[in-house]
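Undergrad: my questions concern the predicted model and sequence given below.
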Amino acid sequence: MEDLATLYQGCRTYRRFTQEHIPETILHKIVNVARERSCARNENALRYAVVSRPELVAAMQPMLHWAAALSPEIGTPKIGEQPTALIVMARTEAASPLSDIDIGIAADAMAVTAWQQGIGSAILASINQPQIKQLLHIPDGIELRLVLALGYPAHKSTVVEPQAGKTLDYYVDDQRNYYVPKLSEKAVITYYA
């Protein structure tokens, strides 16, 4: 088994997926990791909707916006490469402002747990909240925040050094594999030892 740091290195954002079904036992494990993670004041304000029924996953696709740095024809998964499961992340409307930090922690925990099973993910914040609420019959008093798209990856995603004079936007090659520029350790971390 990989150590956690190595696991994180491979846990990139994926935007194209094989159409292999994710077993319900794995989805259950992924979402329960988030449910059990630490949360501010132990508020337990987060709510999850696990969507794996193919017709619902398909119906949600137009409600999700992918890869802001790329044109939709390149960055949005096409039919036959879309995620096979989605986890809608929400919070109660009475939740404290710290619940957004909790959502980030939960999303990351689910993404890493999924990757441990060979499942790629994309954390999507640009979502059509009213349409998703209507489709899934999510009651009033629940505010949608993110959707975690899941599936077995159909492309590679690699961290690379930034190119001089270029933006830090991610990009794709001719095979639609992703490259994600990351600043060096020296550029972003200061040690006081």
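TA: Now that the structure is in, tell me what you want to look at.
Undergrad: list of residues touching stretch 180-188?
TA: 12-13, 157-163, 166, 168-170 (CB atoms under 8 Å, 6 or more residues apart in numbering). Heads up, the C-betas are built off the backbone N, CA and C, glycines and all.
Undergrad: nearest to P97, of these?
TA: T13 (25.9 Å; CB to CB).
Undergrad: so who does A45 touch?
TA: Each residue near A45 by CB under 8 Å, 6+ apart is listed here: 39, 91-92, 94-96, 99, 102.
Undergrad: quick one, strands of the protein?
TA: 46-51, 85-92, 120-124, 142-151, 157-160, 171-172, 178-181 (DSSP state E).
Undergrad: where does the chain dip in pLDDT?
TA: 1-2 (pLDDT under 70).
Undergrad: what's the longest helix belonging to it packed up against?
TA: As assigned by DSSP state H, the longest helix anywhere in the chain is helix 99-116. Where contact means 3 or more CB pairs under 8 Å, 6 or more residues apart in numbering; DSSP states H and E, helix 99-116 is packed against helix 4-10, helix 24-36, strand 46-51, strand 85-92, strand 120-124, strand 142-151.
Undergrad: list the buried residues in it.
TA: 99, 102-103, 105-116 (16 or more other CB atoms under 10 Å).
Undergrad: list of residues touching it?
TA: Contacts to helix 99-116, defined as CB under 8 Å, 6+ apart, come from residues 2, 4, 7-8, 10-11, 26, 29-31, 33-35, 37-40, 43, 45-46, 87, 89, 91, 120-121, 123, 145-146, 148, 150.
Undergrad: which among those count as buried?
TA: Buried by 16+ other CB under 10 Å: 10-11, 26, 30-31, 33-34, 39, 45-46, 87, 89, 91, 120-121, 123, 145-146, 148, 150, out of the contacts of helix 99-116.
Undergrad: correct me if wrong: V50 contacts M89.
TA: No - with contact defined as CB atoms under 8 Å, V50 and M89 do not form a contacting pair (10.5 Å).
Undergrad: on that earlier part again, tell me which of the buried residues of helix 99-116 is nearest to Q175?
TA: Nearest member of the buried residues of helix 99-116 to Q175, counting by CB to CB, is W115, at 21.1 Å.
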